[in-house]
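Student: Whatever this is, show me its structure:
(chains A, B, C and D)
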There are 2 protein chains.
Amino acid sequence: MRWEELEKQPCSIARSLAVFGDRWTLLVLRESFMGVKKFADFQANLGISKTIVADRLRHLTDHGILEKVAYQKNPVRYKYKLTRKGLDIYPVFLSITRWGDTYYPGKKGVPLVYHHKNCDHDFNAVSICSECGEPVDARDVIARPGPGAGSYARSANETLSEKKVG
Amino acid sequence: MRWEELEKQPCSIARSLAVFGDRWTLLVLRESFMGVKKFADFQANLGISKTIVADRLRHLTDHGILEKVAYQKNPVRYKYKLTRKGLDIYPVFLSITRWGDTYYPGKKGVPLVYHHKNCDHDFNAVSICSECGEPVDARDVIARPGPGAGSYARSANETLSEKKVG
DNA sequence: ACACTAAGTATCAATACTGGACTTAGTCAA
DNA sequence: TTGACTAAGTCCAGTATTGATACTTAGTGT
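Tutor: Model (predicted):
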(Lines give C-alpha, C1' and ligand atoms only; values in the text may rest on other atoms or scores of the structure.)
Protein backbone atom coordinates (compact mmCIF):
# COMPACT_ATOMS: atom_id res chain seq x y z
CA MET A 1 0.00 0.00 0.00
CA ARG A 2 1.24 3.45 -0.84
CA TRP A 3 0.90 6.76 0.91
CA GLU A 4 -1.57 8.11 -1.66
CA GLU A 5 -3.68 4.98 -1.51
CA LEU A 6 -4.18 5.61 2.18
CA GLU A 7 -6.00 8.80 1.39
CA LYS A 8 -8.63 6.92 -0.57
CA GLN A 9 -9.45 4.27 1.99
CA PRO A 10 -12.92 4.33 3.52
CA CYS A 11 -11.43 4.84 6.97
CA SER A 12 -11.05 8.11 8.81
CA ILE A 13 -7.92 6.89 10.53
CA ALA A 14 -6.21 6.01 7.25
CA ARG A 15 -7.29 9.31 5.70
CA SER A 16 -6.11 11.30 8.69
CA LEU A 17 -2.80 9.48 8.81
CA ALA A 18 -2.31 10.23 5.13
CA VAL A 19 -2.36 13.89 6.12
CA PHE A 20 -0.36 13.99 9.36
CA GLY A 21 0.57 10.40 10.26
CA ASP A 22 4.23 10.65 9.48
CA ARG A 23 6.96 10.82 12.10
CA TRP A 24 8.36 14.23 11.16
CA THR A 25 4.98 15.69 10.27
CA LEU A 26 3.76 14.85 13.75
CA LEU A 27 6.83 16.43 15.30
CA VAL A 28 6.49 19.53 13.14
CA LEU A 29 2.91 19.80 14.35
CA ARG A 30 4.05 19.36 17.94
CA GLU A 31 6.35 22.34 17.42
CA SER A 32 3.46 24.33 15.99
CA PHE A 33 1.38 23.60 19.06
CA MET A 34 4.35 24.71 21.18
CA GLY A 35 4.20 28.10 19.45
CA VAL A 36 6.96 27.66 16.89
CA LYS A 37 6.28 29.52 13.66
CA LYS A 38 9.51 30.15 11.75
CA PHE A 39 11.22 27.77 9.34
CA ALA A 40 14.59 28.08 11.07
CA ASP A 41 13.09 27.40 14.49
CA PHE A 42 11.38 24.23 13.32
CA GLN A 43 14.69 23.08 11.95
CA ALA A 44 16.73 24.00 15.01
CA ASN A 45 14.30 22.52 17.54
CA LEU A 46 13.87 19.25 15.71
CA GLY A 47 17.50 18.96 14.69
CA ILE A 48 16.63 17.65 11.25
CA SER A 49 17.61 18.73 7.78
CA LYS A 50 16.00 21.61 5.97
CA THR A 51 14.79 19.28 3.25
CA ILE A 52 12.45 17.55 5.65
CA VAL A 53 11.29 20.75 7.27
CA ALA A 54 10.53 22.30 3.89
CA ASP A 55 8.78 19.17 2.66
CA ARG A 56 6.61 18.72 5.74
CA LEU A 57 5.70 22.38 6.03
CA ARG A 58 4.63 22.38 2.40
CA HIS A 59 2.62 19.22 2.93
CA LEU A 60 0.81 20.64 5.95
CA THR A 61 0.23 23.93 4.14
CA ASP A 62 -1.16 22.11 1.09
CA HIS A 63 -3.62 20.29 3.32
CA GLY A 64 -4.81 23.47 5.01
CA ILE A 65 -3.38 22.63 8.40
CA LEU A 66 -0.81 25.38 8.43
CA GLU A 67 -1.04 28.75 6.76
CA LYS A 68 2.04 30.43 5.33
CA VAL A 69 1.97 34.13 6.08
CA ALA A 70 4.56 36.79 5.29
CA TYR A 71 5.45 38.61 8.50
CA GLN A 72 7.81 41.09 6.84
CA LYS A 73 8.82 42.38 3.44
CA ASN A 74 12.26 43.28 2.06
CA PRO A 75 13.28 40.56 2.28
CA VAL A 76 10.04 38.67 2.58
CA ARG A 77 9.99 36.28 5.53
CA TYR A 78 7.32 33.75 6.38
CA LYS A 79 5.69 32.25 9.44
CA TYR A 80 3.56 29.15 9.61
CA LYS A 81 0.46 29.36 11.76
CA LEU A 82 -2.15 26.76 12.56
CA THR A 83 -5.52 27.07 10.86
CA ARG A 84 -8.75 26.04 12.57
CA LYS A 85 -8.41 22.68 10.85
CA GLY A 86 -4.92 22.42 12.29
CA LEU A 87 -5.92 23.51 15.77
CA ASP A 88 -8.54 20.76 15.73
CA ILE A 89 -5.77 18.16 15.66
CA TYR A 90 -4.88 19.21 19.20
CA PRO A 91 -6.96 16.49 20.91
CA VAL A 92 -4.78 13.91 19.15
CA PHE A 93 -1.71 15.40 20.80
CA LEU A 94 -3.45 15.65 24.15
CA SER A 95 -4.23 11.93 23.93
CA ILE A 96 -0.69 11.07 22.93
CA THR A 97 0.65 13.20 25.78
CA ARG A 98 -1.69 11.57 28.26
CA TRP A 99 -0.48 8.12 27.23
CA GLY A 100 3.17 9.12 27.34
CA ASP A 101 2.76 10.78 30.75
CA THR A 102 1.16 7.60 32.04
CA TYR A 103 3.65 5.07 30.72
CA TYR A 104 6.87 7.05 30.33
CA PRO A 105 6.76 9.89 32.85
CA GLY A 106 10.51 9.83 33.61
CA LYS A 107 12.05 9.54 37.04
CA LYS A 108 11.24 13.02 38.20
CA GLY A 109 7.76 13.29 36.77
CA VAL A 110 6.17 14.55 33.60
CA PRO A 111 8.22 16.82 31.30
CA LEU A 112 5.44 19.29 30.64
CA VAL A 113 2.43 20.44 32.62
CA TYR A 114 -0.62 21.61 30.69
CA HIS A 115 -2.64 24.43 32.13
CA HIS A 116 -6.24 25.15 31.21
CA LYS A 117 -6.73 28.91 31.13
CA ASN A 118 -10.52 28.66 31.26
CA CYS A 119 -10.61 27.02 34.68
CA ASP A 120 -7.07 27.96 35.78
CA HIS A 121 -6.02 24.39 36.62
CA ASP A 122 -3.31 22.02 35.47
CA PHE A 123 -5.08 19.20 33.72
CA ASN A 124 -5.01 15.96 31.78
CA ALA A 125 -7.13 15.27 28.77
CA VAL A 126 -9.89 12.70 29.05
CA SER A 127 -11.70 11.20 26.06
CA ILE A 128 -15.36 11.00 26.82
CA CYS A 129 -18.43 9.74 25.00
CA SER A 130 -20.34 12.62 23.42
CA GLU A 131 -23.65 10.98 24.42
CA CYS A 132 -23.24 9.90 28.04
CA GLY A 133 -20.20 11.93 29.04
CA GLU A 134 -18.35 8.95 30.52
CA PRO A 135 -14.68 8.21 29.72
CA VAL A 136 -14.45 5.76 26.84
CA ASP A 137 -12.60 2.47 27.15
CA ALA A 138 -11.60 0.53 24.05
CA ARG A 139 -13.43 -2.58 25.26
CA ASP A 140 -16.74 -0.75 25.48
CA VAL A 141 -16.81 0.30 21.84
CA ILE A 142 -18.20 -1.48 18.79
CA ALA A 143 -17.43 -0.20 15.29
CA ARG A 144 -20.01 -0.70 12.54
CA PRO A 145 -19.99 0.39 8.88
CA GLY A 146 -21.43 3.87 8.50
CA PRO A 147 -23.15 5.55 5.52
CA GLY A 148 -19.80 6.14 3.78
CA ALA A 149 -18.51 2.60 4.26
CA GLY A 150 -18.97 1.35 0.72
CA SER A 151 -18.31 -2.31 0.22
CA TYR A 152 -14.89 -3.52 1.00
CA ALA A 153 -13.67 -6.76 2.41
CA ARG A 154 -11.56 -7.18 5.48
CA SER A 155 -10.79 -10.19 7.54
CA ALA A 156 -10.54 -10.64 11.26
CA ASN A 157 -12.18 -14.03 11.46
CA GLU A 158 -15.43 -12.18 11.92
CA THR A 159 -17.18 -9.74 9.66
CA LEU A 160 -16.74 -6.06 10.30
CA SER A 161 -20.46 -5.70 10.85
CA GLU A 162 -20.31 -6.12 14.59
CA LYS A 163 -16.83 -6.05 15.89
CA LYS A 164 -15.65 -5.46 19.40
CA VAL A 165 -12.81 -2.98 19.50
CA GLY A 166 -9.71 -4.35 21.20
CA MET B 1 17.67 13.31 14.99
CA ARG B 2 17.22 9.57 14.98
CA TRP B 3 14.35 7.38 15.99
CA GLU B 4 16.10 6.15 19.14
CA GLU B 5 17.03 9.66 20.21
CA LEU B 6 13.35 10.48 20.23
CA GLU B 7 12.82 8.05 23.06
CA LYS B 8 15.17 10.00 25.30
CA GLN B 9 13.67 13.43 24.78
CA PRO B 10 12.00 15.09 27.74
CA CYS B 11 8.69 15.18 25.89
CA SER B 12 5.85 12.74 26.23
CA ILE B 13 4.85 13.25 22.63
CA ALA B 14 8.33 12.42 21.34
CA ARG B 15 8.56 9.41 23.63
CA SER B 16 5.14 8.14 22.61
CA LEU B 17 5.87 8.63 18.94
CA ALA B 18 9.09 6.66 19.34
CA VAL B 19 6.88 3.74 20.37
CA PHE B 20 3.96 3.95 17.95
CA GLY B 21 4.42 7.06 15.80
CA ASP B 22 5.32 5.29 12.60
CA ARG B 23 3.00 4.97 9.63
CA TRP B 24 2.79 1.18 9.57
CA THR B 25 2.86 0.83 13.34
CA LEU B 26 -0.17 3.10 13.57
CA LEU B 27 -1.99 1.09 10.94
CA VAL B 28 -1.11 -2.20 12.62
CA LEU B 29 -2.55 -0.76 15.82
CA ARG B 30 -5.68 0.32 13.99
CA GLU B 31 -6.13 -3.28 12.85
CA SER B 32 -5.68 -4.43 16.43
CA PHE B 33 -8.40 -2.10 17.58
CA MET B 34 -10.59 -3.49 14.79
CA GLY B 35 -10.21 -6.94 16.30
CA VAL B 36 -7.48 -8.33 14.06
CA LYS B 37 -5.19 -10.72 15.89
CA LYS B 38 -3.47 -13.06 13.44
CA PHE B 39 -0.28 -12.37 11.52
CA ALA B 40 -1.78 -13.32 8.18
CA ASP B 41 -4.80 -11.06 8.73
CA PHE B 42 -2.65 -8.05 9.54
CA GLN B 43 -0.74 -8.67 6.34
CA ALA B 44 -3.79 -9.23 4.17
CA ASN B 45 -5.75 -6.24 5.50
CA LEU B 46 -2.87 -3.82 5.23
CA GLY B 47 -1.56 -5.18 1.94
CA ILE B 48 2.06 -4.78 2.97
CA SER B 49 4.93 -7.23 2.97
CA LYS B 50 5.38 -9.81 5.69
CA THR B 51 8.72 -8.32 6.60
CA ILE B 52 7.13 -5.11 7.78
CA VAL B 53 4.30 -6.85 9.55
CA ALA B 54 6.79 -9.04 11.43
CA ASP B 55 8.95 -6.05 12.26
CA ARG B 56 6.12 -3.87 13.57
CA LEU B 57 4.46 -6.66 15.54
CA ARG B 58 7.79 -7.40 17.20
CA HIS B 59 8.30 -3.74 17.95
CA LEU B 60 4.87 -3.40 19.56
CA THR B 61 5.34 -6.64 21.47
CA ASP B 62 8.76 -5.51 22.73
CA HIS B 63 7.17 -2.33 24.03
CA GLY B 64 4.40 -4.16 25.86
CA ILE B 65 1.60 -2.87 23.65
CA LEU B 66 0.75 -6.21 22.11
CA GLU B 67 1.10 -9.61 23.68
CA LYS B 68 2.02 -12.65 21.62
CA VAL B 69 -0.03 -15.60 22.78
CA ALA B 70 -0.17 -19.14 21.41
CA TYR B 71 -3.79 -19.97 20.65
CA GLN B 72 -3.08 -23.57 19.63
CA LYS B 73 -0.35 -26.20 19.78
CA ASN B 74 0.68 -28.79 17.19
CA PRO B 75 1.54 -26.79 15.27
CA VAL B 76 1.87 -23.77 17.51
CA ARG B 77 0.05 -20.67 16.21
CA TYR B 78 0.10 -17.18 17.63
CA LYS B 79 -2.25 -14.29 18.07
CA TYR B 80 -1.43 -10.72 19.03
CA LYS B 81 -3.69 -9.12 21.59
CA LEU B 82 -3.67 -5.65 23.05
CA THR B 83 -2.39 -5.27 26.58
CA ARG B 84 -3.82 -2.69 28.98
CA LYS B 85 -1.01 -0.38 27.90
CA GLY B 86 -2.05 -0.95 24.30
CA LEU B 87 -5.75 -0.47 24.96
CA ASP B 88 -4.91 2.86 26.57
CA ILE B 89 -3.76 4.16 23.19
CA TYR B 90 -7.38 4.02 22.06
CA PRO B 91 -8.15 7.68 22.85
CA VAL B 92 -5.47 8.64 20.34
CA PHE B 93 -7.34 6.76 17.62
CA LEU B 94 -10.68 8.17 18.74
CA SER B 95 -9.23 11.67 18.37
CA ILE B 96 -7.76 10.88 14.97
CA THR B 97 -11.10 9.41 13.88
CA ARG B 98 -12.99 12.43 15.13
CA TRP B 99 -10.76 14.75 13.11
CA GLY B 100 -10.99 12.61 10.00
CA ASP B 101 -14.77 12.34 10.29
CA THR B 102 -14.97 16.12 10.58
CA TYR B 103 -12.70 17.09 7.69
CA TYR B 104 -12.84 14.07 5.36
CA PRO B 105 -16.20 12.37 5.91
CA GLY B 106 -16.65 11.32 2.28
CA LYS B 107 -19.65 12.09 0.10
CA LYS B 108 -22.01 9.65 1.75
CA GLY B 109 -20.98 10.22 5.35
CA VAL B 110 -18.55 8.66 7.77
CA PRO B 111 -17.08 5.24 6.96
CA LEU B 112 -17.49 3.81 10.44
CA VAL B 113 -19.92 4.49 13.25
CA TYR B 114 -18.72 3.95 16.80
CA HIS B 115 -21.18 2.60 19.31
CA HIS B 116 -20.76 2.93 23.07
CA LYS B 117 -22.07 -0.23 24.71
CA ASN B 118 -22.32 1.35 28.14
CA CYS B 119 -24.93 3.90 27.12
CA ASP B 120 -26.10 2.18 23.93
CA HIS B 121 -25.57 5.22 21.68
CA ASP B 122 -23.51 5.99 18.61
CA PHE B 123 -20.98 8.57 19.70
CA ASN B 124 -18.03 10.82 18.95
CA ALA B 125 -15.09 11.23 21.26
CA VAL B 126 -14.61 14.56 22.99
CA SER B 127 -11.40 15.58 24.75
CA ILE B 128 -12.26 17.31 27.97
CA CYS B 129 -10.29 18.91 30.76
CA SER B 130 -9.94 16.56 33.72
CA GLU B 131 -10.49 19.47 36.12
CA CYS B 132 -13.46 21.41 34.78
CA GLY B 133 -14.94 18.87 32.39
CA GLU B 134 -15.17 21.31 29.49
CA PRO B 135 -13.96 20.42 25.97
CA VAL B 136 -10.39 21.60 25.49
CA ASP B 137 -9.40 23.96 22.70
CA ALA B 138 -5.76 24.37 21.71
CA ARG B 139 -5.91 28.13 22.24
CA ASP B 140 -6.96 27.74 25.87
CA VAL B 141 -3.93 25.72 26.90
CA ILE B 142 -0.53 26.82 28.18
CA ALA B 143 2.33 24.33 28.48
CA ARG B 144 4.95 24.82 31.21
CA PRO B 145 7.95 22.69 32.18
CA GLY B 146 7.02 20.00 34.67
CA PRO B 147 9.08 18.19 37.32
CA GLY B 148 10.71 15.96 34.69
CA ALA B 149 11.57 18.79 32.32
CA GLY B 150 15.29 18.92 32.99
CA SER B 151 17.10 21.78 31.35
CA TYR B 152 17.01 21.91 27.65
CA ALA B 153 16.94 24.77 25.26
CA ARG B 154 14.36 25.39 22.58
CA SER B 155 13.53 28.41 20.58
CA ALA B 156 10.25 29.85 19.51
CA ASN B 157 11.17 33.49 19.94
CA GLU B 158 9.93 33.13 23.46
CA THR B 159 11.10 30.88 26.24
CA LEU B 160 9.23 27.69 26.90
CA SER B 161 8.40 28.89 30.38
CA GLU B 162 5.06 30.33 29.47
CA LYS B 163 3.96 29.45 26.01
CA LYS B 164 0.56 29.56 24.49
CA VAL B 165 -0.27 26.41 22.61
CA GLY B 166 -1.23 27.05 19.00
C1' DA C 1 32.92 43.93 -2.14
C1' DC C 2 32.16 40.93 1.56
C1' DA C 3 29.86 38.77 5.30
C1' DC C 4 25.48 37.57 6.99
C1' DT C 5 20.43 35.97 7.29
C1' DA C 6 16.06 33.40 6.34
C1' DA C 7 14.15 30.37 3.49
C1' DG C 8 14.63 27.43 0.68
C1' DT C 9 16.42 23.79 -3.69
C1' DA C 10 19.53 19.97 -6.03
C1' DT C 11 22.14 16.17 -5.78
C1' DC C 12 23.34 11.94 -4.17
C1' DA C 13 24.04 8.51 -0.40
C1' DA C 14 21.57 5.97 3.12
C1' DT C 15 17.45 3.63 4.55
C1' DA C 16 13.14 1.39 4.18
C1' DC C 17 10.10 -1.42 1.65
C1' DT C 18 8.66 -5.02 -1.74
C1' DG C 19 8.20 -9.52 -3.61
C1' DG C 20 9.58 -14.00 -3.90
C1' DA C 21 11.90 -18.09 -2.34
C1' DC C 22 12.63 -20.73 1.56
C1' DT C 23 11.67 -22.81 6.45
C1' DT C 24 9.23 -25.29 10.08
C1' DA C 25 5.95 -28.16 12.03
C1' DG C 26 2.06 -29.84 11.60
C1' DT C 27 -2.83 -31.63 8.92
C1' DC C 28 -5.48 -33.81 5.35
C1' DA C 29 -6.44 -36.53 1.02
C1' DA C 30 -5.36 -40.18 -2.40
C1' DT D 1 4.13 -41.98 1.91
C1' DT D 2 3.91 -38.65 -1.50
C1' DG D 3 1.99 -34.34 -2.39
C1' DA D 4 -0.63 -30.30 -1.35
C1' DC D 5 -1.80 -27.14 2.12
C1' DT D 6 -1.57 -23.94 6.35
C1' DA D 7 0.21 -20.27 9.63
C1' DA D 8 3.82 -17.84 10.92
C1' DG D 9 7.54 -16.49 9.95
C1' DT D 10 13.02 -15.54 7.87
C1' DC D 11 16.31 -14.16 4.19
C1' DC D 12 17.84 -11.92 0.21
C1' DA D 13 18.10 -8.85 -3.87
C1' DG D 14 16.40 -5.07 -6.13
C1' DT D 15 13.80 -0.81 -6.03
C1' DA D 16 11.75 3.24 -4.13
C1' DT D 17 11.71 6.65 -0.76
C1' DT D 18 13.95 9.58 2.60
C1' DG D 19 17.18 12.64 4.32
C1' DA D 20 21.92 15.14 4.81
C1' DT D 21 25.19 18.19 2.59
C1' DA D 22 26.22 21.75 -0.26
C1' DC D 23 24.42 25.28 -3.02
C1' DT D 24 21.03 29.20 -4.27
C1' DT D 25 18.34 33.42 -3.79
C1' DA D 26 17.20 37.87 -2.37
C1' DG D 27 17.75 40.94 0.63
C1' DT D 28 20.56 43.85 4.76
C1' DG D 29 24.54 45.90 7.07
C1' DT D 30 29.55 47.73 6.98
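
Student: show me where pLDDT drops low in chain A?
Tutor: A:1, A:151-166 (pLDDT under 70).

Student: For it, which segments count as helices?
Tutor: A:3-8, A:12-20, A:23-33, A:39-46, A:50-62, A:84-87, A:90-103 (DSSP state H).

Student: Chain neighbours aside, what residue packs nearest to the residue in chain A that DNA strand C sits nearest to?
Tutor: At 3.5 Å from DNA strand C, A:F39 is the closest residue in chain A, using C-beta to the nearest atom of the strand. The C-beta positions use only the backbone N, C-alpha and C, and glycine is treated the same way. Counting by C-beta to C-beta, 6 or more residues apart in numbering or on different chains, A:F39 lies nearest to A:V53, which is 6.4 Å off, once chain neighbours are set aside.

Student: Pull the contacting residues for that neighbour.
Tutor: A:V28, A:F39, A:F42, A:Q43, A:L46 (C-beta atoms under 8 Å, 6 or more residues apart in numbering or on different chains).

Student: which one of those is nearest A:D140?
Tutor: A:V28 (33.9 Å; C-beta to C-beta).

Student: my guess is the closest one contacts A:R58, does it?
Tutor: No: at 10.7 Å, A:V28 does not count as touching A:R58 under the criterion of C-beta atoms under 8 Å.

Student: Just grab the bridge partners of A:F123 for me.
Tutor: A:Y114 (DSSP bridges).

Student: you'd agree A:I96 is up against B:S12?
Tutor: Yes: between A:I96 and B:S12 there is a contact under C-beta under 8 Å: 7.3 Å.

Student: ok so, going back, enumerate every residue touching the residue of chain A closest to DNA strand C.
Tutor: Per C-beta under 8 Å, 6+ apart, neighbours of A:F39: A:K50, A:V53, A:A54, A:L57, A:Y78, A:Y80.

Student: How about A:A70?
Tutor: A:A70 touches A:V76, A:R77, A:Y78, counting by C-beta under 8 Å, 6+ apart.

Student: Which one of those residues sits in the busiest neighbourhood?
Tutor: Within the contacts of A:A70, neighbour counts (other C-beta atoms under 10 Å in any protein chain shown) peak at A:Y78, which reaches 15 neighbours.

Student: which residues does it form a beta bridge with?
Tutor: Beta-bridge partners, per DSSP bridges, of A:Y78: A:A70.

Student: Please verify my assumption that it contacts A:L66.
Tutor: No: between A:Y78 and A:L66 there is no contact under C-beta under 8 Å: 10.4 Å.

Student: Give me the distance between the residue of chain A positioned farthest from its centre and A:E67.
Tutor: When distances are taken from the C-alpha mean of chain A, A:N74 lies farthest, 34.7 Å away, according to C-alpha atoms, centre = their mean. The gap separating A:N74 from A:E67 is 21 Å, by C-beta to C-beta, to the nearest Å.

Student: before we move on, what about A:R56?
Tutor: From A:R56 to A:E67 the distance is 15 Å (C-beta to C-beta).

Student: give me every residue that touches A:G100.
Tutor: B:C11, B:S12, B:I13, B:R15, B:S16.

Student: try A:F20
Tutor: Taking C-beta under 8 Å, 6+ apart, one finds A:L26, A:L29, A:L60, A:H63, A:I65, A:I89 in contact with A:F20.

Student: and if you look at A:G146?
Tutor: B:G109, B:V110, B:P111, B:L112, B:V113.

Student: The first one contacts A:S12, correct?
Tutor: The one in question is B:G109. No: with contact defined as C-beta under 8 Å, B:G109 and A:S12 do not form a contacting pair (11.0 Å).
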